Every structure is written in structure tokens, then in C-alpha cells.
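Colleague: Attaching a predicted model along with its sequence, questions to come.
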Amino acid sequence: MDKEQEFIMKPKVDYCFKELMQEACVRNGFISALLALRPEEIQKTELMPTHLRQMYGEDKLGILDVRVLMSDGTQLDIEIQVAPFLAWPERSLFYLSKIFSGQLKVGEPYEGMKKCIHVGILDFELFGEDEEFYSRFHLWEDSRNRLYTDKFEIHILELPKLRKHDYPESDLLYWAKFFNAERKEEFEAMSEKNEMIDKAFEKLLNMSADDLKKQEYEERQKAIRDHEYLMRYNRREGISEGETRKLISQIHKKIKRGKPKELIAEELEEELKTILPIYELLSRYPEETDEEIYQRLNRQGNH
């Protein structure tokens, strides 16, 4: 394998992260570090569908990055988030609650419900006042520190803190630094620390040398950049959620009339780069409703 290749994908881009987690040895290595288990203690993990069940038609659609089932029935939702997300605590609770409640079928007892863990790997600081890069939360009684249940856990890794502080050596720190790495030397340094990270690095190099995967990765990066531009534009111009939905509807109607994107931008008196993220989604998914396109637009930068 040619390790001198210049292009290496960044694991904190969700496309790359999801591909890495397809490998059992990679996800088992990370999960063992996260849960402070020896790798051999994790007998088996399997990937589960990432689309969460909607109980009612009006329920918000839930789509996870990586959903893992462990041999003891524990489920993990592992999310990687590049763009700052102010409502991250609420979002993590939303997904965790859907996974937990989704275990229960009609007529089944509550006692059979297994532990569910939400893992947020964030490329922004959620707890800027704290130095620690890793946080682990449970449900506790306020005054007596009594654990209410161990079936809800939330783990947070804040990647930007890694470049600001020194932390005690640990396998979890090595994984966090691997996810945060951008240069070949950084990846190599972490691969020498941990056998499973070395396997992840090998997988990363193979993916980066694959022309098709490289194209898919770059398309995902473009989608994230387009989404971030549209969100910044909307904030700057004071465009509301309702106005965004209206813009989707307007563009949709004009596409159905066969109008090119340049003419649509002119008629709507918008910059081409403003309508482009919506135009491309509508062109790619012509059978979807305006609401489905709106949800896709929101998800582009939030996974």
C-alpha cells in the first residue's frame, strides 16, 4: 500500500466516519475504548438500520449516523457533528428516547428494555467552560447522587479541545485524536499507539485511494459547505423557516416547468449560490415532497 499518497479523508466528515464504522474491528476498538472494556470483552457488534421508526405520521423523522447493537442488547447511536449545533442536548435526547422507546413492542414488558447510549463526537465545544474533552452523563438524584437507571447514557467528545490541552494517555484519547487528525503524520502517530487504530488507518488509506469513494466523500463535503452557506445567508438576511419552505416550493414549481437554475435565480431575485443547494436536492429527488426536501436540507449539515 502506498502510504505516501497526498489525499487522506478526514474521519470527522460523516461519510468517512460511517465507512470506517462498517468495519467490525474498527467499531469494536472504538467502543471498547469508549466503554473502558478490553476489546476481547466485546463479543460481537452489528450495525442496525439508521432510520428510526415513526410512531405517528406527524412524528419528526430520525436518521442516525451509526447505530450499533452489542451482544448483550445494548444499543449505541454514534453521531459525528462538524457544524456547531446549539440544540445538541435536545437533539441527543430526541434520538436516545426514540431508540429506547423503539425497543418495546405491543404487549412486551418494560423490564426487557436494554441500555441505550448516545455518543456525540463534536467538532465544536459544547461545554466551553470545562477543560475536559470527554463527558459521560447518567440520570442521577440531585442531592444523594443516587443512580435512577443505568439504561440511559450520553457520551460527548469535544474534538477542538484536543489542540488546546494536554490529557492523560488513554485509548479513548488516541481515538479522539485519530478522528480529529488531518495530516498523515497525525494518523500515523495514533496508529502506532493502538492496534485497532492501525486497522482504522489502513481502512482510511484504502478508502482514500478508491476513486468512487473519494468522489462520494467530496460530494458530501460539498453538500455540507452548501448547507452552511445557505444557513449563514438565511441568518444574515433574516430568512425564517417558513420563508425557506416557501423558497423550496417556488423553486420546485419552476423546475417542473423546465426552467434552468440560472433563470430561476433571476426570477426569484436570489443569488445562484443561494438557490443551488435546494435546486440540487429537488433535481436529485424529484418525487419527494417540499417537506421531505426541507428535512433533507436540514439534515445535510446536521449529521
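Modeller: Perfect, I can see it now. Everything quoted here is computed from the prediction, not taken from an experiment.
Colleague: Can you show me the strands along this protein?
Modeller: 45-47, 51-52, 62-63, 66-70, 75-81, 116-122, 134-140, 147-158 (DSSP state E).
Colleague: Out of those strands, the one nearest Thr244 is which?
Modeller: strand 62-63 (19.3 Å; CB to CB). Every residue, glycine included, has its C-beta placed from N, CA and C.
Colleague: Now do stretch 194-210: everything it contacts.
Modeller: Stretch 194-210 is contacted from outside by 1-3, 5, 7-9, 11, 16, 19-20, 23, 25-26, 28-30, 32-33, 39, 171, 174-175, 178, 187-188, 190-192, 213-214, 217, using CB atoms under 8 Å, 6 or more residues apart in numbering.
Colleague: same thing with stretch 249-264?
Modeller: Glu267, Leu268, Leu272, Ile275, Leu276, Ile278, Tyr279, Leu282, Ser283, Pro286, Asp290, Ile293.
Colleague: how about the residues you listed in TSV, adding distance to Cys116 and pLDDT?
Modeller: Listed next are those as TSV, based on distance: CB to CB, whole Å; pLDDT from 0 to 100:
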residue	distance to Cys116	pLDDT
Glu267	48	87
Leu268	44	86
Leu272	44	85
Ile275	40	85
Leu276	38	86
Ile278	35	89
Tyr279	38	89
Leu282	35	90
Ser283	37	89
Pro286	37	86
Asp290	33	86
Ile293	30	85
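Colleague: Among those residues, name the buried ones.
Modeller: Buried subset of those (neighbour count, 16 or more other CB atoms under 10 Å): Ile275, Leu276, Ile278, Tyr279, Leu282, Asp290, Ile293.
Colleague: Show me which pair in these is furthest apart.
Modeller: Most distant of the buried ones among the contacts of stretch 249-264, by CB to CB, are Leu276 and Asp290, 17.1 Å apart.
Colleague: my guess is Glu186 contacts Phe179, does it?
Modeller: No - Glu186 is beyond contact range of Phe179, at 10.6 Å (criterion: CB atoms under 8 Å).
Colleague: More neighbours: the two, which one.
Modeller: Phe179 (23 against 14; other CB atoms under 10 Å).
Colleague: residues contacting the more buried one?
Modeller: Contact analysis of Phe179 by CB under 8 Å, 6+ apart lists Pro11, Lys12, Phe17, Ile80, Ile121, Leu157, Leu159.
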